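**Student:** Pasting the sequence and the predicted coordinates here, then a few questions.
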Amino acid sequence: MRSIHHYLDGQIVPSTSGRTGDVYDPATGLVQARVDLASIGEVELAVAKAKQAFPAWRDASLAQRTQVMFNFREIFSARREELAAIVSSEQGKVFSDAVGEVMRALENIEFACGLATHLRGEFSPQVSGGVDVHSIREPIGVVANITPFNFPAMVPAWMFSTAIACGNAVICKPSERDPSAVMKIAEWMSEAGLPNGIYNVLHGDKVAVDGLLHHPDVAAISFVGSTPIAKYVYEIGTAAGKRVQALGGAKNHMVVLPDADIEMAADAAVSAGYGAAGERCMAISAVVAVGEAGDQLVEAVAHRIPGIKVGPGTAPDVEMGPLITGEHRDRVAGYIGGAAAAGATVVVDGREADLPLEGFFLGPTLIDQVTPTMDCYLDEIFGPVLSVLRVDTFDEAVAMINANPFGNGTAIFTRDGGAARRFQNEVEVGMIGINVPIPVPVASHSFGGWKSSLFGDTHMYGPEGIRFFTRAKAITTRWPDPATSAIDLGFPRNT
């Protein structure tokens, strides 16, 4: 049985805690590895190693940091399919989805390669007589990244690439369900020339998370996961005096107006609702059909579902893989029966699909006539279940979105520029797509939602990521007048 250990100070370090977790192959349901689960003592060791390495990296020139990031970018790009295969084998998503994830990670790494430009300070000469003021941004120290199972390569890259380029030391605590991707990243970082102790991987569960949240030498926490845990991380971390950016759950809506291209909207709903088995924080899970768009859209989506091939992520031509665990699959399936009992219409039931006998599979599901009081709408399902709600007007659609406690992402499909403009201005959501179902910003912008989808004031990566992983320092300078400086300093005046 393969064992996955910690990566601390440039070395593979077996755990001494005596605790391990099972890493499954979601396509077979079999355990493929066991991962170490850290003790509090191992958290303290990881933080100590990072703290020891930080000063030298903080003082490294921007040219040195940039060179390491460029080296890493070349290694990462050349071996992207190797990393995608690791992601697919442990997370379960199909290989093409895994490649897409790795490419989005690469986009953030490339942004970090330009940090020398983004870290420029400001200068104001002669703010008063002989007085200048300039500002600089400095790294904050040891930072922790707590990352989710659904994007084991991309989400860590949202965090570590910016944090390291800014001069910090990082401890990554990946999901114990699919921990191997960040181990490969750590190996490549070392190969790129990153000093030991600047990128560390600490595996674990709540023990490790709590250890990082309470440790006085951890300056900041970045987290992506469910809303209850995001709230917990934010409250505990900020109470301990840390910076915290904690991204929580989502209930992403896609509004389809009667004037929309229904075929285009149906394609978007299928890809955004069932891609990666719905295990995406930006997945569309609620389609809001306005007026006469409803019947056409439901028919078009239902027509496409039989063509979605479900199977192991490594198999050719497969478009949707398994869910991460059997327990999660059963939880998602429970919402289908619950919706039917509540009065919704199950148009396509994923429990009845032709699925592999082994593994954690569930077929794409389409539920119509959903109302805002049903559990399948209220909860973040995080699976291949698409709910259709019907309203009569644009205003009702906007009101429904704004009444929802989540505010992560949303989209509208329409040919009407005026309606699109109203939508982007009126919905209370952090990321908006206009005829784009999954509006994840490119790396030069920042990622994050509103309301219960975000705890803290700072979004991930991009300009806000730079501000999160650095702190500002302002310097005010006055030099003596050259005409009097010799007298003022007690030296003879030159004649």
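**Tutor:** Looks like it came in fine. Numbering: from 1, shown residues only.
**Student:** what about the residue most central in space within the chain, helix or strand, and which?
**Tutor:** Using C-alpha atoms, centre = their mean, the residue of the chain that lies closest to the mean C-alpha position is Val155, 3.9 Å off. Following DSSP states H and E, one finds Val155 within helix 154-165.
**Student:** which helices and strands sit right next to that helix?
**Tutor:** Applying 3 or more C-beta pairs under 8 Å, 6 or more residues apart in numbering; DSSP states H and E, one finds that helix 154-165 contacts helix 62-78, helix 95-113, strand 142-146, strand 169-173, helix 180-191, strand 218-224, helix 462-468. Every C-beta, even on glycine, is put in place using the N, C-alpha and C of the backbone.
**Student:** any idea which of these is most buried?
**Tutor:** Of all the helices and strands packed on helix 154-165, strand 142-146 carries the top mean neighbour count, a mean of 29, counting by mean count of other C-beta atoms under 10 Å.
**Student:** and the angle from that one to strand 169-173?
**Tutor:** 20 degrees (axes from the mean of the first three to the mean of the last three C-alpha atoms, to 10 degrees).
**Student:** Quick one: mean pLDDT for strand 142-146?
**Tutor:** For strand 142-146, mean pLDDT is 98.
**Student:** Parallel or antiparallel, which strands does that strand pair with?
**Tutor:** Partners of strand 142-146 in the sheet, by DSSP bridges, are strand 169-173 (parallel), strand 218-224 (parallel).
**Student:** chain center to the first one: distance?
**Tutor:** So the one you mean is strand 169-173. 15 Å (C-alpha atoms, centre = their mean, to the nearest Å).
**Student:** quick revisit: now the helices and strands packed on helix 154-165 in a markdown table, with distance to Gly248?
**Tutor:** Below are the helices and strands packed on helix 154-165 laid out as a markdown table (distance: least, C-beta to C-beta, whole Å):
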| stretch | distance to Gly248 |
| --- | --- |
| helix 62-78 | 28 |
| helix 95-113 | 20 |
| strand 142-146 | 13 |
| strand 169-173 | 17 |
| helix 180-191 | 21 |
| strand 218-224 | 8 |
| helix 462-468 | 17 |
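**Student:** what are the phi and psi angles of the nearest residue to the residue nearest to the centre of the chain once chain neighbours are set aside?
**Tutor:** Using C-beta to C-beta, 6 or more residues apart in numbering and skipping residues adjacent in sequence, the residue nearest Val155 is Thr147, 4.7 Å away. In terms of degrees, to the nearest 10, the main-chain angles of Thr147 are phi -120, psi 160.
**Student:** for Val13, same thing?
**Tutor:** According to degrees, to the nearest 10, Val13 has phi -120, psi 110.
**Student:** Give me the neighbour count for it.
**Tutor:** 19 (other C-beta atoms under 10 Å).
**Student:** And it, how close does it get to Thr345?
**Tutor:** Using C-beta to C-beta, to the nearest Å, Val13 is found at 54 Å from Thr345.
**Student:** and Glu426, what is it in contact with?
**Tutor:** 398, 402 (C-beta atoms under 8 Å, 6 or more residues apart in numbering).
**Student:** can you redo the strands paired with strand 142-146 as TSV with distance to Gly337 and mean pLDDT?
**Tutor:** Below are the strands paired with strand 142-146 laid out as TSV (distance: least, C-beta to C-beta, whole Å; pLDDT from 0 to 100):
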stretch	distance to Gly337	mean pLDDT
strand 169-173	35	98
strand 218-224	30	98
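**Student:** These into CSV, with extra columns for distance to Ser88?
**Tutor:** Below are these laid out as CSV (distance: least, C-beta to C-beta, whole Å):
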stretch, distance to Ser88
strand 169-173, 20
strand 218-224, 20
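**Student:** Gly456: which of these is closest?
**Tutor:** Closest to Gly456 of those is strand 218-224 (C-beta to C-beta; 9.1 Å).
**Student:** And the contacts of that closest one?
**Tutor:** Under C-beta under 8 Å, 6+ apart, the answer for strand 218-224 is 47, 140-148, 155, 158-159, 163, 168, 171, 212-213, 229-230, 233-234, 237, 242-247, 281, 460, 468-469.
**Student:** Thought Leu202 was touching Ala186, still the case?
**Tutor:** No. Counting by C-beta atoms under 8 Å, Ala186 does not reach Leu202; the two are 10.8 Å apart.
**Student:** Now for these two: what residues contact both?
**Tutor:** Joint contacts of Ala186 and Leu202 (C-beta under 8 Å, 6+ apart) are Cys172.
**Student:** Which parts of the stretch 151-300 of the chain are strands?
**Tutor:** In the stretch 151-300 of the chain, the strands defined using DSSP state E, counting those that start in this stretch lie at 169-173, 199-201, 218-224, 243-247, 252-256, 284-290.
**Student:** Go through the ones you listed and name the closest to Tyr335.
**Tutor:** Tyr335 sits nearest to strand 284-290 of all the strands of the stretch 151-300 of the chain, at 10.2 Å, using C-beta to C-beta.
**Student:** how far off strand 252-256 does that closest one point, in degrees?
**Tutor:** Using the same axes, to 10 degrees: strand 284-290 against strand 252-256 is 30 degrees.
**Student:** Okay, now the sheet partners of strand 284-290, with direction.
**Tutor:** Checking strand 284-290 against DSSP bridges gives partners strand 252-256 (parallel), strand 385-391 (parallel).
**Student:** Give me the distance from the first one to the chain's centre.
**Tutor:** With C-alpha atoms, centre = their mean as the basis, strand 252-256 stands 21 Å off its chain's centre.
**Student:** May I have it exported as PDB, CA atoms only?
**Tutor:** C-alpha atoms of strand 252-256 as PDB (Å, rounded to 0.1, in the frame of the first residue of the first chain):
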ATOM      1  CA  ASN A 252     -25.000  29.400  -8.400                       C
ATOM      2  CA  HIS A 253     -27.900  30.500 -10.500                       C
ATOM      3  CA  MET A 254     -28.200  30.700 -14.300                       C
ATOM      4  CA  VAL A 255     -31.000  32.900 -15.500                       C
ATOM      5  CA  VAL A 256     -32.400  32.200 -18.900                       C
END
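**Student:** what's the spacing between Ser180 and Ala186?
**Tutor:** As judged by C-beta to C-beta, Ser180 and Ala186 stand 11 Å apart.
**Student:** Same check on Leu454?
**Tutor:** 28 Å.
**Student:** Now find how far off-centre stretch 239-248 is within its chain.
**Tutor:** Its chain's C-alpha centre and that of stretch 239-248 lie 15 Å apart, by C-alpha atoms, centre = their mean.
**Student:** no, scratch that, I was asking about stretch 84-100
**Tutor:** 16 Å.
**Student:** That'll do, ta.
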